[in-house]
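*Asks:* Fold the following, please.
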Amino acid sequence: MRRREFVAVGAVIAGARLMRGAAGYAASAQRAAIAIGVDKAGDLPKLRAARAGALAVAKWLVGEGFEVKTLTDAHRPVKASDIFDAVEPLVKRGTLDQLVIYFAGHGFVCAYSEYWLLSGAPHNPNEAVSVVESVALARQSGIPSVVIISDACRSTAGSLGAERVHGSLIFPQDMSRPDRPSDVDVFYATLVGDPAWEVSMAESVPVYEGIFTAAFLDAFKRPDTTMVRAVNGKQVVPNFQLKPYLIREVPRRAQAKSINLKQNPEVEVVSDWNTYIGRVLTNEMAAPDSTPAVPTLRDVAALQLDAVGLGLKIDPAQNKCKGQNACRSAWNSSIAKNACKGTGSADKWSREIQQLARETGFAQAQNAIAATNALPEEWLVRTGLRVIGREVASIVTHPQVDSHRDDTAGRTLVEIDLGEMRAASLLLRFADGSGTVIAALDGYIGEVAVDEKGVANVSYLPSRRNPMWDLYRGQQQQIAEMHGAIAAAARFGVFRIDGERDFRNAVARQLADRIHGLKSVDPTLGLYAAYAYSDAGLNDQVLSIRDTMLGTLGVRLFGIEMLSGSSAGHDIEEQTRARVPLCPMLSQGWSLLRVRNVSLPPALVAARNDLRPALWTTFGPEGTLSVEKIFHA
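*Replies:* Purely as a prediction, here's the structure:
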């Protein structure tokens with residue numbers, strides 16, 4: 001092909017006419033899609049199904065009345081600018097009701113964020129797409145419904161040589177913020193979390209067969225009766241019903257291909273019950289799936305969060321969830337228990353979840369994190385750090401801050417004198433040359449746990465000289481268990497709030513009520529909650545966290561300031577003075593810097609290329625040396 005492939009109904013037809021007869025949407029509705037398929041990225045092994053998957057999805061969407069543009073590498077490279085140039089005019093129209101963006105090809109995960117590799121990557125670090133950042137911008141697009149479908153062959157950044165790839169943005173940044181954020185539904189072929197880092201290119205490429213895409217399309221060709229809903233007189237499969245279907249069907253198909261192949265999709269649906277992409281394409285629907293549901297890490301997290309009081313409590317009489325498979329799409333296990341009452345499978349379901357928690361390491365991580373939330377009885381310092389799991393080689397901090405360390409029995413205790421300061425940034429260098437940047441908070445002891453990947457957990461507990469000490473002492477076990485459940489869920493990429501807007505708001509209120517007051521006892525609870533709220537598009541809740549933390553701590557934590565938008569638009573020196581520490585403490589924060597308009601000093605920008613795959617920011621030796629220059633400047 002000598003020019004870009006276009007898939008359209010006839011020639012270029014006006015949007016209103018194109019939509020006539022499109023299932024379920026009004027005749028005046030406008031829907032568009034971009035289907036991207038890249039079989040060959042740079043020198044990486046060629047995939048067999050990415051381009052074909054894009055063409056299949058494009059053909060299907062045309063039949064659903066979408067205005068579709070396809071971008072494949074059949075005859076020329078696919079560039080990031082091609083995608084942006086396709087998205088921008090659609091956003092600027094201001095009349096689009098739904099936009100679907102589909103990608104199939106090589107992908108990788110770094111710092112809890114997914115990236116799509118285009119034809120010129122990884123050699124050209126700009127020829128990739130930063131999915132998390134693009135999703136964040138999509139929420140500001142003003143398009144009521146945006147759907148991102150990612151069938152990426154996911155590998156480790158190191159196995160692809162992609163450590164320096166940070167990707168491009170495919171949505172414009174100069175948009176005014178709409179009164180109501182767009183609903184962005186995201187369908188990932190596999191989970192973005194700790195287990196994904198264990199897959200190398202050599203392992204992921206040979207088994208990539210577009211299983212996710214095939215299952216996605218079959219949801220409309222062969223749905224069961226529980227998946228179908230009548231919208232505007234049309235039989236459709238709503239986006240929210242795709243979630244339980246894909247969660248059960250994708251692993252089943254992967255196992256059928258190879259007993260050793262494990263593929264568990266991650267689906268984030270925030271749209272309402274009437275939002276859909278396509279019609280039911282059959283006159284004979286299947287009976288409801290009777291195969292027992294297989295638990296996922298989302299179910300594991302839900303059960304543990306419910307156990308510490310973070311599950312949403314609802315009136316069983318109001319619950320419309322029917323059957324165990326439908327329950328699995330809920331964010332929390334309280335709904336699952338209510339909906340599955342009387343099925344006789346609750347005990348079996350609980351046992352299976354507990355077994356999965358052990359097999360995946362979730363239970364071990366949760367218990368290890370909870371165990372670190374305990375201060376040495378004999379330690380009476382006002383402000384300090386306790387580091388376990390790795391020997392600390394050096395501590396670098398502000399010239400006006402004094403520190404004294406004591407290495408005893410496999411742990412490092414650091415007493416910190418902040419003088420008149422309320423907080424300070426610290427660089428911890430470990431014995432292997434790696435390091436991390438964290439905040440020292442007046443009146444708190446920071447607990448830093450390090451494992452083979454890097455910093456696995458950070459928590460802040462009131463010291464005995466902090467007025468919060470008595471509150472902490474009275475709820476020490478409760479706080480430890482809550483922190484363990486939340487931190488483990490975040491580590492495995494499943495501490496998320498999804499569901500339609502009213503449901504998300506209800507979960508957010510419950511979470512806010514549950515940790516109200518405890519954010520001051522352990523500020524990292526507030527940090528985790530802020531990321532969950534931001535990911536769910538609940539900006540008012542992020543602002544509430546910011547105000548509470550600023551009022552109780554008297555300092556601005558980098559991550560919360562970034563998520564609330566309070567750091568945007570200031571020069572680098574002003575931003576550095578206004579917040580601690582110098583950069584995001586949670587790794588996932590690095591992928592949001594651009595879309596939040598936050599700048600970092602050049603040394604930190606360079607250090608980002610040496611991030612290690614840990615939940616909390618951990619630099620390799622080269623990155624640690626780069627960061628140290630800032631403290632000595």
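*Asks:* List the strands paired with the helix or strand harbouring residue 416, with their directions.
*Replies:* Element membership of residue 416, judged by DSSP states H and E, is strand 411-417. The partner list of strand 411-417 in its sheet, established with DSSP bridges, is strand 384-388 (antiparallel), strand 402-408 (antiparallel).
*Asks:* Sketch out the low-pLDDT regions of the stretch 201-350 of the chain for me.
*Replies:* Along the stretch 201-350 of the chain, the model assigns pLDDT under 70 to residues 201-209, 258-261, 312-346.
*Asks:* One more: the chain?
*Replies:* Those would be 1-29, 154-162, 175-177, 192-209, 258-261, 312-346, 374-378, 409, 566-578, 633, if you go by pLDDT under 70 across the chain.
*Asks:* any idea of the angle the following helix or strand past the strand holding residue 416 forms with strand 384-388?
*Replies:* Scanning the chain past strand 411-417 towards its C-terminal end, the next helix or strand to appear is strand 423-430 (assignment: DSSP H and E). Here strand 423-430 runs at 20 degrees with respect to strand 384-388, directions being taken by axes from the mean of the first three to the mean of the last three C-alpha atoms, to 10 degrees.
*Asks:* Tell me where the stretch 401-550 of the chain has strands.
*Replies:* In the stretch 401-550 of the chain, the strands defined using DSSP state E, counting those that start in this stretch lie at 402-408, 411-417, 423-430, 435-441, 444-450, 455-462.
*Asks:* what's the offset of the fifth one from the middle of its chain?
*Replies:* Computed by C-alpha atoms, centre = their mean, to the nearest Å, the chain-centroid distance of strand 444-450 equals 24 Å.
*Asks:* Could you double-check that residue 528 sits in contact with residue 488?
*Replies:* No. With the criterion set as C-beta atoms under 8 Å, residue 528 and residue 488 do not qualify as a contacting pair; they are 10.9 Å apart. (Glycine included, C-beta is placed from N, CA and C.)
*Asks:* For residue 232, what are phi and psi?
*Replies:* Backbone torsions of residue 232, given as degrees, to the nearest 10, read phi 50, psi 40.
*Asks:* Residue 231 now?
*Replies:* In this entry, residue 231 is assigned phi and psi values of phi -130, psi 120 (degrees, to the nearest 10).
*Asks:* Pull the number of nearby residues for it.
*Replies:* 17 (other C-beta atoms under 10 Å).
*Asks:* Could you do residue 225 as well?
*Replies:* Counted with other C-beta under 10 Å, residues neighbouring residue 225 total 10.
*Asks:* neighbours of the closest residue to it other than its chain neighbours, just the number please.
*Replies:* Across the structure, with C-beta to C-beta, 6 or more residues apart in numbering as the measure, the residue nearest residue 225 apart from its sequence neighbours is residue 285 (5.1 Å). The tally of other residues near residue 285 (other C-beta under 10 Å) stands at 15.
*Asks:* try residue 551
*Replies:* When neighbours are counted by other C-beta under 10 Å, residue 551 comes out with 9.
*Asks:* Helix or strand: which one has it?
*Replies:* Following DSSP H and E, one finds residue 551 within helix 539-553.
*Asks:* same question, residue 370
*Replies:* Applying DSSP H and E as the criterion places residue 370 in helix 362-372.
*Asks:* Could you list every helix and strand in contact with that helix?
*Replies:* Counting contacts by 3 or more C-beta pairs under 8 Å, 6 or more residues apart in numbering; DSSP states H and E, helix 362-372 is packed against helix 297-307, helix 346-360, strand 444-450, strand 455-462, helix 476-491.
*Asks:* at 6 Å what do you get?
*Replies:* For helix 362-372, the contact count by 3 or more C-beta pairs under 6 Å, 6 or more residues apart in numbering; DSSP states H and E identifies helix 476-491 as packing neighbours.
*Asks:* Tell me the buried residues in the helix it packs on?
*Replies:* For helix 476-491, a neighbour-count test (16 or more other C-beta atoms under 10 Å) marks 479-491 as buried.
*Asks:* ok, now stretch 534-546?
*Replies:* Of the residues in stretch 534-546, those buried under the neighbour-count criterion (16+ other C-beta under 10 Å) are 534-539, 541-546.
*Asks:* Also stretch 445-458?
*Replies:* Using 16+ other C-beta under 10 Å as the test for burial, stretch 445-458 gives 445-451, 453-458.
*Asks:* and if you look at stretch 275-289?
*Replies:* Residues 275-281, 289 are the ones in stretch 275-289 that count as buried (16+ other C-beta under 10 Å).
*Asks:* Tell me the one among those nearest to residue 424.
*Replies:* Each of the buried residues of stretch 275-289 was checked against residue 424 using C-beta to C-beta; the closest is residue 275, at 47.0 Å.
*Asks:* how is this protein carved up into domains?
*Replies:* 6-211+263-274, 297-359, 371-632 (automatic domain parsing).
*Asks:* All set, thanks.
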